[in-house]
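A.B. asks: sequence? don't have it. structure:
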């Protein structure tokens, strides 16, 4: 309807809307107009005389059940257009999956688009001719050329035999083509629920297995999946798993994020790694992690970068750093690293996300965070944990007890953050310090990563027990977690090994054994022959 406002209006002329007003007021013309709220406000509301001649009716978004009924009513047009058949299950899945996974558009449009795209995809997939048919047509072409050559050579007997073969092949091709065309219309061109799931997977970047897999089986298996990479943090994993299960089964508020957590504890114990592992488990890809370092938002004037610069400022049209990423990929894990370093105004923005599950950016877009997991990490209280002056609070191995770590971290958290912010977070999780046993398990994971990288170069790597114990001994620091161990592996293993590879002492398809001799790491290259070449490498730390 808004297109008639100003239509035909030039200097000295009258526009269409003014011409319609007398007819509308006298009842000579009956009109039903359709427009959006934005256009209504922009064009029609400004013309009060035109506005009062129409009765305003707001059309609400239909429910999922109503959408199924709409799809059943219009599917015939799409079946005729795409030459496909939609199963009843595919129609139901289109309504339910679009409602759940496509959040920035409305029903029934997004469900209609879904069946339209699935139908187009099925038709394109079936327009490819069968390989058997292509091979037969190529054979006919080859035999025809051979027959012409034989005729030119006056070998009429062989040419006649080939002519008969070509005739038989043509009959087979005609029969096969007829069968293929009938199969395509009857069997192959059926759009199933799996086709709908495939299209949804491509639109949202969530792996198909995550959409199709039984949700209950996956939710029951959260702890086992996370324990494969996260060592020694049973309480943290249990808290995260419980919150995700609560959200997925519909017991928590649907208007809030899937889960919101504050991860506390010493440095290097796996807080950031748990966020990455959770992103991979929930959404099938570590790229589903939106990581924002909050040390970039220490000043007040930087806070607006999260939702975008205000009008009149540079970067207004670019949108916000956080809001744009979530608009593009709504199914993700948001990691706000080192949250205590952010300016207090950041927490006022986060209140909207934690309570309402949405945030408005500078361009007026309402960005939904209801399909995200919000994780904030902090080292609050870590300095107190590492102070050697805390007498009477340490166990024999020098590690502060978990109870004391927890009370210290929570006390510091209450000092740093406002009560209304902490009150909206689902769970505050305090991580354990890592023991030597935990470090041994982490070492196996780090070694496995190194072995996989070398396997790409077709080099095998084997660690002896003494070498592993030496690495744990050198890399263990209760104050700094697992990171010193990673640095030890770089210093003791990767640095000397890279030098040896560059010098040509180790080559492709070598089997390298890492051992300990005279308190130094040594590398042995096992040749395919019986003898083995041994090369001792002076460790960097010992020099």
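C.D. replies: Happy to help now that I have it. The structure displayed is predicted, hence computed values, not measured ones.
A.B. asks: quick one, helices of the stretch 201-350 of the chain?
C.D. replies: Taking DSSP state H, counting those that start in this stretch as the test, the helices found in the stretch 201-350 of the chain are 208-212, 215-220, 222-227, 234-248, 271-283, 321-328, 344-356.
A.B. asks: let me fix that, I meant to ask about the stretch 1-150 of the chain.
C.D. replies: Under DSSP H, counting those that start in this stretch, the stretch 1-150 of the chain gives helices at 16-26, 37-39, 48-51, 64-82, 88-101, 109-126, 131-152.
A.B. asks: how about the ones you listed, which one is nearest residue 243?
C.D. replies: Taking CB to CB, helix 88-101 is the member of the helices of the stretch 1-150 of the chain nearest to residue 243, at 19.0 Å. Every residue, glycine included, has its C-beta placed from N, CA and C.
A.B. asks: flag every buried residue along that closest one.
C.D. replies: Of the residues in helix 88-101, 90-99, 101 count as buried by neighbour count, 16 or more other CB atoms under 10 Å.
A.B. asks: picking up where we left off before, point out the most buried one among the helices of the stretch 201-350 of the chain.
C.D. replies: Highest mean neighbour count of these: helix 271-283, a mean of 22 (counted as mean count of other CB atoms under 10 Å).
A.B. asks: summarise which helices and strands that helix is packed against.
C.D. replies: In this structure, helix 271-283 packs against helix 222-227, helix 234-248, strand 259-264, strand 289-293, strand 332-337, strand 372-377, with contacts taken as 3 or more CB pairs under 8 Å, 6 or more residues apart in numbering; DSSP states H and E.
A.B. asks: list the buried residues for stretch 258-267?
C.D. replies: 258-267.
A.B. asks: tell me the pLDDT at residue 527?
C.D. replies: We have a pLDDT of 61 for residue 527.
A.B. asks: with residue 308 instead?
C.D. replies: The predicted local confidence for residue 308 is 85.
A.B. asks: reformat the buried residues of stretch 258-267 as a markdown table; add pLDDT and distance to residue 44.
C.D. replies: Below are the buried residues of stretch 258-267 laid out as a markdown table (pLDDT from 0 to 100; distance: CB to CB, whole Å):
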| residue | pLDDT | distance to residue 44 |
| --- | --- | --- |
| 258 | 84 | 40 |
| 259 | 86 | 44 |
| 260 | 89 | 42 |
| 261 | 90 | 47 |
| 262 | 89 | 48 |
| 263 | 87 | 51 |
| 264 | 84 | 54 |
| 265 | 78 | 58 |
| 266 | 79 | 62 |
| 267 | 79 | 59 |
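A.B. asks: how's the chain carved up into domains?
C.D. replies: Here the domain parsing of the chain from automatic domain parsing is 2-51, 64-206, 214-430, 436-536.
A.B. asks: which phi and psi does residue 423 have?
C.D. replies: phi -70, psi -20 (degrees, to the nearest 10).
A.B. asks: for residue 63, same thing?
C.D. replies: Note on residue 63: backbone dihedrals following degrees, to the nearest 10 are phi -80, psi 170.
A.B. asks: look up how far residue 111 lies from it.
C.D. replies: For residue 63, the distance to residue 111 (CB to CB, to the nearest Å) stands at 12 Å.
A.B. asks: and those two? Which one has more around it.
C.D. replies: residue 111 (27 against 12; other CB atoms under 10 Å).
A.B. asks: one step back: save the helices of the stretch 1-150 of the chain as JSON lines, and put in mean pLDDT and distance to residue 233 too.
C.D. replies: Formatted as JSON lines, the helices of the stretch 1-150 of the chain follow (pLDDT from 0 to 100; distance: least, CB to CB, whole Å):
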{"stretch": "helix 16-26", "mean pLDDT": "84", "distance to residue 233": "66"}
{"stretch": "helix 37-39", "mean pLDDT": "86", "distance to residue 233": "48"}
{"stretch": "helix 48-51", "mean pLDDT": "85", "distance to residue 233": "61"}
{"stretch": "helix 64-82", "mean pLDDT": "92", "distance to residue 233": "39"}
{"stretch": "helix 88-101", "mean pLDDT": "89", "distance to residue 233": "30"}
{"stretch": "helix 109-126", "mean pLDDT": "89", "distance to residue 233": "39"}
{"stretch": "helix 131-152", "mean pLDDT": "83", "distance to residue 233": "53"}
